[in-house]
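*Asks:* take this sequence and fold it.
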Amino acid sequence: MFLKYLFLGMVAKETQGQHICRQILLNDNCDGPTCTALCDQKLGGTGQCYRTVDKRFICLCNYICKS
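*Replies:* Got it, this is the predicted structure:
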C-alpha cells in the first residue's frame with residue numbers, strides 16, 4: 001500500500017510537457033533513506049530501492065529530465 005502512494009506521488013510531480021528520466025545511483029546494497037537522500041541531492045528526484053533478477057538491491061532515481 002505504501003509503495004502505491006509513493007508511486008502516485010512520483011507521478012504527481014510530472015506536469016504536462018515534462019519527461020521523467022531514470023538513473024541508477026547505487027548498483028548494490030541499496031537502503032531506502034540513503035537512496036532517497038542521494039537522489040534528491042544529486043538530481044532533485046525521488047529514489048527507491050529495487051531488487052534485480054540477480055538479487056542485488058539497486059537505487060533507481062526518477063527525476064525530471066533537464067533539457
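
*Asks:* where in the chain is pLDDT low?
*Replies:* 1-17 (pLDDT under 70).

*Asks:* where do the strands sit along it?
*Replies:* 20-26, 46-51, 57-64 (DSSP state E).

*Asks:* okay if I get those as a markdown table plus distance to Cys35?
*Replies:* Heads up, the C-betas are built off the backbone N, CA and C, glycines and all. Listed next are the strands of the chain as a markdown table, based on distance: least, Cβ to Cβ, whole Å:
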| stretch | distance to Cys35 |
| --- | --- |
| strand 20-26 | 7 |
| strand 46-51 | 4 |
| strand 57-64 | 4 |
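
*Asks:* nearest to Ala37, out of those strands?
*Replies:* strand 46-51 (7.8 Å; Cβ to Cβ).

*Asks:* who touches that closest one?
*Replies:* Residues outside strand 46-51 that contact it (Cβ atoms under 8 Å, 6 or more residues apart in numbering): 6, 9-10, 13, 25, 30-32, 35-40, 57-63.

*Asks:* send me that strand as CSV with only the CA atoms.
*Replies:* The C-alpha trace of strand 46-51 is given here as CSV (Å, rounded to 0.1, in the frame of the first residue of the first chain):
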residue,chain,number,x,y,z
THR,A,46,12.7,10.5,-6.0
GLY,A,47,14.8,7.5,-5.3
GLN,A,48,13.7,4.0,-4.5
CYS,A,49,15.4,0.6,-4.0
TYR,A,50,14.6,-2.3,-6.3
ARG,A,51,15.6,-5.9,-6.3
